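*Asks:* structure for the following, please:
(4 chains)
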Protein chains: 4
Amino acid sequence: MYTHTITPRMGDCDGLRHINNTKIPEYFEQARNPVFRLFSPDLDFEHFDLIMAHLEVDFLHAMVWGLEVEVRTFITHVGNSSFTVSQQAWQDGRLCARGHVVIVHYSHAEGHSKPLTPEQRNWLQQHFVPREEFDQ
Amino acid sequence: MYTHTITPRMGDCDGLRHINNTKIPEYFEQARNPVFRLFSPDLDFEHFDLIMAHLEVDFLHAMVWGLEVEVRTFITHVGNSSFTVSQQAWQDGRLCARGHVVIVHYSHAEGHSKPLTPEQRNWLQQHFVPREEFDQ
Amino acid sequence: MYTHTITPRMGDCDGLRHINNTKIPEYFEQARNPVFRLFSPDLDFEHFDLIMAHLEVDFLHAMVWGLEVEVRTFITHVGNSSFTVSQQAWQDGRLCARGHVVIVHYSHAEGHSKPLTPEQRNWLQQHFVPREEFDQ
Amino acid sequence: MYTHTITPRMGDCDGLRHINNTKIPEYFEQARNPVFRLFSPDLDFEHFDLIMAHLEVDFLHAMVWGLEVEVRTFITHVGNSSFTVSQQAWQDGRLCARGHVVIVHYSHAEGHSKPLTPEQRNWLQQHFVPREEFDQ
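*Replies:* Residues are numbered from 1 along each chain as shown, chains lettered A, B, ... in the order given. This next block holds a predicted model:
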């Protein structure tokens, strides 16, 4: 697990005066930069052999503009060529949103998935928690 | 079911030159305006008694900037106080993404969910398809 | 001049319940697709020899979620290698925002600007209005 | 002057593999939170008596995903009821974008501008630099 702090923007709120739900996938994407660096150390799109397969978010409590959001990022599944990143958004000491993305190690040039390397699996394992533990 | 057409923006693409995954929830939100009008005919936030509980998207094929996206919107569940909107994004005759949101009829003033009215249930039922049918 | 219609999204509004100012450059970008197609007919980033030099917007009236936005796009300057796109956002028969972008014909491979071709100048001239006329 | 650091998101880049121009106004908005707190200490939309009149950005160098962006925020004009916030985006020690917004102290309830208070003017003055100095 690692944490990343996000400062909400005025325009992240919608007319209900809470962070709009479409912003949470963006916050989680920002907090995944360290995962992406595992595949492309300089975040260089030339060597970005990943593809997104699935995204989901549960909205537990509304978030507001005026307080920072702490995103906690975990790995909850490591497969042969894909893995699951599970993330929590906390504000003011409260868990406000929880999400998962399934990402596939994928050759854009060749058009098919490819196995995770031992180094990649090792890094992902260091951030692993079982899904039941994450969901608590 | 109803359809809504979206024109992608240059900035919707990321460095992989496909529509970034975080944009799909925005496209689907735009295409939900007719659902939202059922609760707030003028899309007036004063009378917007809805809250988002869950969002998920499956990414099936990458979408590009240069072709319009057709979003098809269905209702796949109508509960007592909540319902599920299921949506497909098509580009160039191909199903590219599929998603679901669970929305709760909710009094922001009183802080609790409230039953759907008969009129609301009736409209939602008119757009209903069973989940199995949607998933095909 | 040509027009393009945009359907606002719930999340385009901020907590003041008007379209957030940062969304207007996105609306204008969407409405510039026909200009971009002049340089890259399929909106293909491989052949996108343009670079943005300047962007400005005047906000005249607040826009709301529930009404479509009509964007009117004009060319107000054609230089040797650059041109100015001037755009208006109308809602409910009222001019709500006005903006300009300066775009440079630019070789990303060679790192310098390049002259507009006669065909490009011709298309741009067809959409030309003098700046004084646009500003009225 | 004060500084604020922004971590770019994958989706902030467009197909040219640089931060899309429409993102810079969002970065600058995020970095204006301390200015907004002068008017609404908790960033509460109920007491947000500001309206945006003008926005402009000059794009000097392309920015990339993999490096943090430092935004430096200055006040370059303080009028009776309005003021100008001028901002710079730096990446890798280089000035990449420069922008200005004109913001008006405005009663949304009464529909007209209102004078800045002495306390507000005092805070703004503390961050003031002359425009010539900013432009260098």
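*Asks:* measure residue A:55 to chain B for me?
*Replies:* 5 Å (Cβ to the nearest Cβ, to the nearest Å). Where C-beta positions appear, they are placed from N, C-alpha and C, glycine not excepted.
*Asks:* let me fix that: residue A:69
*Replies:* Applying Cβ to the nearest Cβ to residue A:69 and chain B gives a distance of 16 Å.
*Asks:* likewise residue A:84?
*Replies:* 13 Å.
*Asks:* now do the contacts for that residue.
*Replies:* A:75-77, A:100-103 (Cβ atoms under 8 Å, 6 or more residues apart in numbering or on different chains).
*Asks:* which among the residues you listed end up buried?
*Replies:* Neighbour counting over the contacts of residue A:84 (16 or more other Cβ atoms under 10 Å in any protein chain shown) leaves A:75-76, A:100-103 as the buried ones.
*Asks:* quick check, nearest of the residues you listed to chain B?
*Replies:* Of all these, chain B sits closest to residue A:101, with 8.1 Å by Cβ to the nearest Cβ.
*Asks:* you'd agree that closest one is up against residue A:24?
*Replies:* No. Under the criterion of Cβ atoms under 8 Å, residue A:101 is not in contact with residue A:24, lying 11.6 Å apart.
*Asks:* one step back: JSON lines for the buried ones among the contacts of residue A:84, including pLDDT?
*Replies:* Listed next are the buried ones among the contacts of residue A:84 as JSON lines, based on pLDDT from 0 to 100:
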{"residue": "A:75", "pLDDT": "98"}
{"residue": "A:76", "pLDDT": "98"}
{"residue": "A:100", "pLDDT": "98"}
{"residue": "A:101", "pLDDT": "98"}
{"residue": "A:102", "pLDDT": "98"}
{"residue": "A:103", "pLDDT": "98"}
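*Asks:* between those residues, which is nearest residue B:53?
*Replies:* Proximity of the buried ones among the contacts of residue A:84 to residue B:53, judged by Cβ to Cβ, is greatest for residue A:100, which lies at 15.4 Å.
*Asks:* which stretches in chain A count as helices?
*Replies:* Along chain A, counting by DSSP state H, helices occupy A:23-31, A:33-39, A:118-126, A:131-135.
*Asks:* adding mean neighbour count, write these out as a markdown table.
*Replies:* Putting these into a markdown table (neighbours: other Cβ atoms under 10 Å in any protein chain shown) gives the following:
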| stretch | mean neighbour count |
| --- | --- |
| helix A:23-31 | 24 |
| helix A:33-39 | 17 |
| helix A:118-126 | 13 |
| helix A:131-135 | 12 |
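*Asks:* which stretch among these comes nearest chain D?
*Replies:* helix A:23-31 (4.4 Å).
*Asks:* I would like the residues contacting the closest one, please.
*Replies:* In this structure, residues lying in contact with helix A:23-31 by Cβ under 8 Å, 6+ apart are A:4, A:6, A:8, A:12, A:55, A:57, A:59, A:69, A:71, A:73, A:85, A:87, A:89, A:97, A:99, A:101, B:21-22, B:25, B:55, C:11, D:7-11.
*Asks:* what angle sits between it and helix B:23-31?
*Replies:* Between helix A:23-31 and helix B:23-31, the angle comes out at 170 degrees (axes from the mean of the first three to the mean of the last three Cα atoms, to 10 degrees).
*Asks:* what parts of chain A come near chain B?
*Replies:* Contacts of chain A with chain B, taken as Cβ under 8 Å from any Cβ of the partner chain, map to A:14-16, A:21-22, A:25-26, A:29, A:45, A:48, A:51-59, A:62, A:108.
*Asks:* ranges for the strands of chain A?
*Replies:* Assigned strands in chain A, in chain order: A:2-6, A:50-59, A:69-78, A:82-91, A:94-107, A:112-113 (criterion: DSSP state E).
*Asks:* tell me which of the ones you listed is the most buried.
*Replies:* Of all those, strand A:82-91 has the most neighbours on average by mean count of other Cβ atoms under 10 Å in any protein chain shown, namely a mean of 22.
*Asks:* paired strands for it, with orientation please.
*Replies:* strand A:69-78 (antiparallel), strand A:94-107 (antiparallel) (DSSP bridges).
*Asks:* turn those strands into a markdown table, including distance to residue A:113.
*Replies:* A markdown table is the format used below for the strands paired with strand A:82-91 (distance: least, Cβ to Cβ, whole Å):
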| stretch | distance to residue A:113 |
| --- | --- |
| strand A:69-78 | 14 |
| strand A:94-107 | 5 |
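*Asks:* out of the ones you listed, which comes closest to residue D:114?
*Replies:* Per Cβ to Cβ, nearest to residue D:114 of the strands paired with strand A:82-91: strand A:69-78, 32.5 Å.
*Asks:* contacts made by that closest one with the rest, please.
*Replies:* Here strand A:69-78 makes contact (Cβ under 8 Å, 6+ apart) with A:1-8, A:19, A:27-28, A:30-32, A:34-35, A:63, A:83-91, A:96, A:100, A:102, A:116, A:121, A:124-125, A:127-131, A:134.
*Asks:* so how far is it off the chain centroid?
*Replies:* When C-alpha coordinates are averaged (Cα atoms, centre = their mean, to the nearest Å), strand A:69-78 and its chain have centres 6 Å apart.
*Asks:* may I have it as CSV, with CA atoms only?
*Replies:* In CSV, the C-alpha atoms belonging to strand A:69-78 read as follows (Å, rounded to 0.1, in the frame of the first residue of the first chain):
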residue,chain,number,x,y,z
VAL,A,69,-8.2,13.6,-0.5
GLU,A,70,-5.9,10.8,0.5
VAL,A,71,-5.8,8.0,-1.9
ARG,A,72,-4.5,4.6,-0.6
THR,A,73,-3.5,2.2,-3.4
PHE,A,74,-3.3,-1.6,-3.0
ILE,A,75,-2.8,-4.5,-5.3
THR,A,76,-5.5,-7.2,-4.7
HIS,A,77,-4.9,-9.6,-7.5
VAL,A,78,-1.9,-10.6,-9.6
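*Asks:* quick check: angle from it to helix A:118-126?
*Replies:* Angle of strand A:69-78 versus helix A:118-126, following the same axes, to 10 degrees, is 120 degrees.
*Asks:* what angle do strand A:2-6 and strand A:69-78 make with each other?
*Replies:* Orientation of strand A:69-78 against strand A:2-6 (the same axes, to 10 degrees) gives an angle of 140 degrees.
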